[in-house]
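**Student:** compute the structure for the input listed below.
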Amino acid sequence: MTSLPSHTEKSLGLVIDLDTCVGCHACVTACKGWNTENYGAPLADKDAYGAEPVGSFLNRIHSFEVQPETGPAQLIHFPKSCLHCADAPCVTVCPTGASYKRQEDGIVLVNESDCIGCGLCAWACPYGAREMDPVEQVMKKCTLCVDRIYNENLPEEDRQPACVRTCPAGARHFGDLADPESGVSKLVAERGGIDLMPEQGTAPVNQYLPPRPKDEAPEFDVLAPYLEPVAEEPRGFLGWLDRTLEKIG
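**Tutor:** Residues are numbered from 1 along each chain as shown. Okay, here's the model as predicted:
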């Protein structure tokens, strides 16, 4: 079994704004593209256009319609990937040490050369954040794009996870959540960031910013003045054209 570090120098992770996410799946596409072409074994798409397609995705979006106690119903888009937990059960259950948490930045990774595909880590993860690659038969998970964030060959603005760099709505944020002065820590403090399923005791690093309350739904009669015709009878050229078409008809 693998042991967890007693502490980490950083706690790199994501802060996801559920109020801003529009469910466009740009983060899913960027994640799939980057992780298929770069770090580790490619993310498979087996029989993609056949009768039983299967594949691996490290980031997914689930959409839920929520009816609050007051106000109109809201459609909430909920992105989900590995949360890089401080007390990661996927690490401690791994029989070969393939799953591990890095002391320098807190990122949870899988050494694919040591993974035997037993699936214990997927069983232990309460968030369903691990996937068995159907072709490589090794466990895959979000790496926080570790091959991007430290890559000095990339422009500085690109040294962040592909999902963060791609998000058109600015709903995803990346940084050190162990640093109270970091941008992500300030976001969490200002908006009341929350853990996902805190009752599991995994101490996830990633945080979610809850949706803001929405305004009341407008009454339909408010739009009535804008739905009235501009003029009862067309005038000028349009009036002449209307009369001529009626004669032809």
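**Student:** please make it C-alpha for all contacts and neighbour counts, starting now.
**Tutor:** OK.
**Student:** residues in contact with residue 159?
**Tutor:** Applying CA atoms under 8 Å, 6 or more residues apart in numbering, we find residue 159 in contact with 148-151.
**Student:** mind putting the residues you listed into CSV with neighbour count and pLDDT?
**Tutor:** Putting the contacts of residue 159 into CSV (neighbours: other CA atoms under 10 Å; pLDDT from 0 to 100) gives the following:
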residue, neighbour count, pLDDT
148, 20, 94
149, 17, 96
150, 12, 95
151, 14, 94
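**Student:** among the residues you listed, name the ones in strands.
**Tutor:** Among the contacts of residue 159, none falls in strands (DSSP state E).
**Student:** of all these, which comes closest to residue 56?
**Tutor:** residue 148 (20.0 Å; CA to CA).
**Student:** quick check: that closest one touching residue 161?
**Tutor:** Yes. Assessed by CA atoms under 8 Å, residue 148 is found in contact with residue 161 at 6.6 Å.
**Student:** quick one: which helix or strand includes the residue nearest in space to the middle of the chain?
**Tutor:** Closest to where the C-alpha atoms of the chain average out (CA atoms, centre = their mean) is residue 79, at 3.3 Å. According to DSSP states H and E, residue 79 maps onto strand 74-80.
**Student:** how about the CA coordinates for the next helix or strand after that strand, as PDB?
**Tutor:** Counting by DSSP H and E, the next helix or strand C-terminal to strand 74-80 is helix 89-92. Only the C-alpha atoms of helix 89-92 are listed here, as PDB (Å, rounded to 0.1, in the frame of the first residue of the first chain):
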ATOM      1  CA  PRO A  89      -8.200   7.000  -0.300                       C
ATOM      2  CA  CYS A  90      -7.200   6.100  -3.900                       C
ATOM      3  CA  VAL A  91      -3.600   6.300  -2.900                       C
ATOM      4  CA  THR A  92      -3.600   4.400   0.400                       C
END
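**Student:** ok, and what's touching helix 89-92?
**Tutor:** With CA under 8 Å, 6+ apart as the criterion, helix 89-92 contacts 1-4, 97, 99-101, 108, 120-122, 124-125, 202.
**Student:** which among those gets closest to residue 183?
**Tutor:** Nearest member of those to residue 183, counting by CA to CA, is residue 108, at 21.6 Å.
**Student:** what about the helices in this structure?
**Tutor:** 26-37, 89-92, 120-124, 146-149, 162-166, 183-191, 224-227, 236-248 (DSSP state H).
**Student:** the strand holding residue 79 versus helix 26-37: what angle between them?
**Tutor:** Orientation check (axes from the mean of the first three to the mean of the last three CA atoms, to 10 degrees): strand 74-80 against helix 26-37 gives 20 degrees.
**Student:** need the max-distance pair from the contacts of helix 89-92.
**Tutor:** Most distant of those, by CA to CA, are 97 and 202, 18.7 Å apart.
**Student:** comparing the two, which residue is more hemmed in?
**Tutor:** Between residue 97 and residue 202, counted using other CA atoms under 10 Å, residue 202 has the larger neighbour count: 20 against 16.
**Student:** okay then, goodbye and thanks.
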